[in-house]
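[1] Predicted model and sequence below, questions to follow.
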Amino acid sequence: MSDAPPKGPVRPRTRGPIELVLEIGIGLTFVALFSWFVGILIEIGGMYLLWKDEGVVHARTLVEQDLGYIAAAPRSLLVPDTVAFSRQIVRWVQIPYERLGVLRWYARFNGPQAAAEPNPSSANAAGGNPLSKGMGRASRSMGKLLSQWALVSMYVAQDVLLRMSVALFALPAFVLACLVGAVDGLVRRDLRRWGGGRESSFVYHHAKRYTAWSLTGGFGLYLTWPFGGFNPAYMVLVFTVLVAATLSTTVAAFKKYV
């Protein structure tokens with residue numbers, strides 16, 4: 001027989017403030033990169049399926065629309081000038097693309113000088129190597145395509161960060177919704193406790209799950225929303241109400257005795 005002492009119950013490991021901040025930072029970075037990647041795929045697919053006539057202009061229009069929505073609420077409790085803050089974000093995203101020459105690359109293959117280049121078919125009729133002319137035409141088509149995709153990635157990155165800044169501006173509203181939901185839930189819990197009401201672990205665990213989804217799922221959906229005309233004020237209103245309702249249900253369904 002083993003003489004090893006019996007093991008006691010394993011206590012969950014507590015996380016310190018530094019670890020919690022690192023987890024939040026890594027999580028936000030992952031969400032931003034994932035939304036950027038998915039947004040690029042949606043925009044590129046939409047260029048050939050949904051908004052064929054707009055092309056790259058569609059992604060730029062989304063950025064301009066979000067800047068207009070932010071301009072409608074020029075002040076926040078956390079950021080005194082939301083318009084200047086958002087335009088600075090757009091500028092920060094554009095700087096690496098300028099230094100890497102992506103904007104010049106796009107202008108080279110899609111600007112007026114690209115249309116002024118000689119047509120390979122007409123040059124081929126006048127004389128020349130057909131293989132070299134065909135390769136030149138293919139390289140120009142590929143350069144035009146890749147330059148458009150690169151510019152789309154810049155606009156999508158700007159749009160994702162702008163929408164994350166909208167969530168930052170609305171953070172006080174979510175905090176207030178959490179406070180209202182927690183207070184309302186505590187009142188309902190005390191009424192159930194002193195009134196002899198029944199507990200329901202099913203309601204508690206499902207409401208707890210939906211509270212987390214209201215804070216994260218809706219936010220991720222908003223970051224990758226590819227269609228224009230969506231005012232973020234409606235998103236803030238809907239999901240603050242959902243957070244307050246689900247948190248109130250979670251706290252109210254918590255067990256009567258701790």
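    Thanks, I have the structure now. Numbers count the residues shown, from 1 in each chain.

[2] tell me which helix or strand of this structure sits lowest on mean pLDDT?
    helix 120-126 (a mean of 47; mean pLDDT, DSSP states H and E).

[3] Show me what counts as buried in whichever helix or strand comes after it.
    Following helix 120-126 in sequence order, the next helix or strand is helix 130-169 (DSSP states H and E). For helix 130-169, burial by neighbour count (16 or more other Cβ atoms under 10 Å) applies to 133, 136, 143-144, 147-148, 150-167, 169. Every C-beta, even on glycine, is put in place using the N, C-alpha and C of the backbone.

[4] what's the offset of stretch 57-68 from the middle of its chain?
    Relative to its chain's centre, stretch 57-68 lies at 15 Å (Cα atoms, centre = their mean, to the nearest Å).

[5] export it as CSV, just CAs?
    Output in CSV follows, covering the C-alpha atoms of stretch 57-68 (Å, rounded to 0.1, in the frame of the first residue of the first chain):
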residue,chain,number,x,y,z
VAL,A,57,-13.0,52.6,-53.0
HIS,A,58,-15.3,50.5,-50.9
ALA,A,59,-12.7,49.9,-48.2
ARG,A,60,-11.8,53.6,-48.2
THR,A,61,-15.5,54.6,-48.0
LEU,A,62,-15.8,52.5,-44.8
VAL,A,63,-13.0,54.4,-43.2
GLU,A,64,-14.5,57.8,-44.2
GLN,A,65,-17.9,56.7,-42.8
ASP,A,66,-16.4,55.7,-39.5
LEU,A,67,-14.6,59.0,-39.2
GLY,A,68,-17.9,60.7,-39.8
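
[6] That stretch - what's its average pLDDT?
    Taken as a whole, stretch 57-68 has an average pLDDT of 89.

[7] shaky segments in the stretch 51-200 of the chain?
    Residue ranges of the stretch 51-200 of the chain with pLDDT under 70: 111-129, 131, 133-134, 136, 195-200.

[8] and if we set it to 90?
    For the stretch 51-200 of the chain, the stretches with pLDDT under 90 are 51-60, 62, 66, 69-82, 100-149, 163-164, 166-175, 177-178, 180-200.

[9] residues near Lys52, how many?
    Residues near Lys52, counting by other Cβ atoms under 10 Å, number 10.

[10] Distance of it relative to Val38?
    Note on Lys52: its distance to Val38, by Cβ to Cβ, to the nearest Å, is 21 Å.

[11] roughly how far apart are Asp53 and Leu41?
    In terms of Cβ to Cβ, Asp53 sits 20 Å off from Leu41.

[12] between those two, who's got more neighbours?
    Neighbours per residue (other Cβ under 10 Å) separate Asp53 from Leu41, with Leu41 holding more: 13 against 7.

[13] Packing partners of the helix or strand harbouring that one?
    Assessed by DSSP H and E, Leu41 sits inside helix 17-49. Counting contacts by 3 or more Cβ pairs under 8 Å, 6 or more residues apart in numbering; DSSP states H and E, helix 17-49 packs against helix 56-71, helix 130-169, helix 201-223.

[14] For the following helix or strand past the last one, list every residue counted as buried.
    Following helix 201-223 in sequence order, the next helix or strand is helix 232-252 (DSSP H and E). Judged by neighbour count (16+ other Cβ under 10 Å), helix 232-252 contains these buried residues: 232, 235-236, 239-240, 242-252.

[15] How about Ala173: what's its closest non-neighbour residue?
    Thr240 (5.2 Å; Cβ to Cβ, 6 or more residues apart in numbering).

[16] Now for that neighbour: which residues touch it?
    Going by Cβ atoms under 8 Å, 6 or more residues apart in numbering, Thr240 touches 170, 173-174, 176-177.

[17] where's it relative to Gly181, distance?
    Separation of Thr240 from Gly181 (Cβ to Cβ): 9 Å.

[18] for Ala252, same thing?
    9 Å.

[19] give me every residue that touches Gly143.
    Counting by Cβ under 8 Å, 6+ apart, Gly143 touches 105, 108-109.
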